[in-house]
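Colleague: What shape does this take:
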Amino acid sequence: MIGAGRRERVQSVADLAQALGVSVGTLRNNRPYAATGFPDPVSSPKAQTLLWDGEQTAAYFAGESVPALPAGEDDEDLLDRHEAAQELNVGVSAWNTYKRDPAVAEHLVVVGGVEHWPRGVVRRFRDSRPGRGVRHGSGRPRGSGDMVPRDQILPRTVELLDADPALTAAAVVEQLGVAMTTAMKSLAVLRGRRIADLLEGDPRLDPQQAAERLGYPVIARRRALAAAEAELRMWEVRPYLQAVADALVKAGLAEPAAVDVVELEGGALTAAIQLVPGQAAVPALVWDERYGWRTATSRRHPIRKDTGARPAGEGICYLAPNSGRNLHGCPNCFAASPRRGPVAT
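Modeller: Next up is the predicted model:
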């Protein structure tokens, strides 16, 4: 947890390395943060990215007594996804859905490349949640589109799935007034996230066992297991993509933000990094696990609809490894290293 008013003091691994005048690689090799007496991270125990309080680390390296952090809880405390989920008494996968609710999303704060939300916002969202099993609609008239706003579909489906793990797509259609394809996809995504969440907490389980423990019906498991596999793949690539985004931020080319990895219709994973207007020659960069990095022509909609073919056209340039030119020979966009990510030429 980042205490109220202490956001500016937070240090990531990169910030800590900079403060000590060493490279990130040297810091990771020496691991001073593993020494006895080093201040505990302010990130939650399950967080993948470590964060510390700069006032505490400065005192430690100066050989002074490490000051205690303020005690108690404050509405302005910043919670990461694990802490927000705990506040709601739900799994992290459920919070990954709830965070898309406009009442929560507009209060997102990214610190050290990690998403956080004010404790007060999380609690107000918790207190405003409808009771489980509450009906949000009266069915979907034939031939109509989805009756629930797109950004509300997953949060509302979560409520129904919380109440009934064996929830059917037909019941979601009846309750929320969405299309059958929308209901099936939403259920698969949510169940997949919860399977992945359970596997993270208990590595001894296999996906089938996790699905059984969660009470998912056999008929629904194929889609849920496929979604869980995609979710686990997202977790694997997210640290690399976030490192690229953070490097672009340090270069002044992108605003601080957590990278959102999504699955395309064909099953491939992709992510976009929006660049600062006027600071880069292109509006955004897109990573696709099939084709690598490319430039995008739109900052608002950088990821195109998946047609199965490699995106091409005016303004789209693929980034070549270890070269000052991309695959189209354009010297004005970016070059990339497979390990370091894209860099300005």
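Colleague: quick one, phi/psi of Gly292?
Modeller: phi 80, psi -150 (degrees, to the nearest 10).
Colleague: shouldn't Glu73 be in contact with Pro118?
Modeller: No - counting by CB atoms under 8 Å, Glu73 sits too far from Pro118 to count as a contact (11.5 Å). From N, CA and C alone the C-beta is placed, and that goes for glycine too.
Colleague: For Val92, list the residues it contacts.
Modeller: 46, 81-82, 85, 197 (CB atoms under 8 Å, 6 or more residues apart in numbering).
Colleague: more neighbours, Glu73 and Pro118?
Modeller: Taking neighbours as other CB atoms under 10 Å, Glu73 and Pro118 compare with Pro118 leading, 21 against 14.
Colleague: Please tell me how far that one sits from Val110.
Modeller: 13 Å (CB to CB, to the nearest Å).
Colleague: again with Ala170
Modeller: Separation of Ala170 from Val110 (CB to CB) stands at 39 Å.
Colleague: next one: Pro217
Modeller: Distance of Pro217 to Val110, computed by CB to CB: 38 Å.
Colleague: Make sure Ala271 is indeed in a strand.
Modeller: Yes - under DSSP: H, G, I helix; E, B strand; the rest coil, Ala271 sits within a strand.
Colleague: list the contacts for it?
Modeller: 237, 241, 259-262, 286-287 are the contacts of Ala271 under CB under 8 Å, 6+ apart.
Colleague: Quick check: the two most widely separated of those residues?
Modeller: For the contacts of Ala271, the farthest-apart pair by CB to CB is Val237 and Val286; their separation is 13.4 Å.
Colleague: who's more crowded, these two?
Modeller: Between Val237 and Val286, counted using other CB under 10 Å, the more crowded position is Val286 (21 against 16).
Colleague: Could you look up the SS state of that one?
Modeller: Look at Val286: counting by three-state DSSP, its state is strand.
Colleague: ok, for Pro39, nearest residue in space, not its chain neighbours?
Modeller: Leaving aside its chain neighbours, Pro39 sits nearest to Gln56 (3.8 Å; criterion: CB to CB, 6 or more residues apart in numbering).
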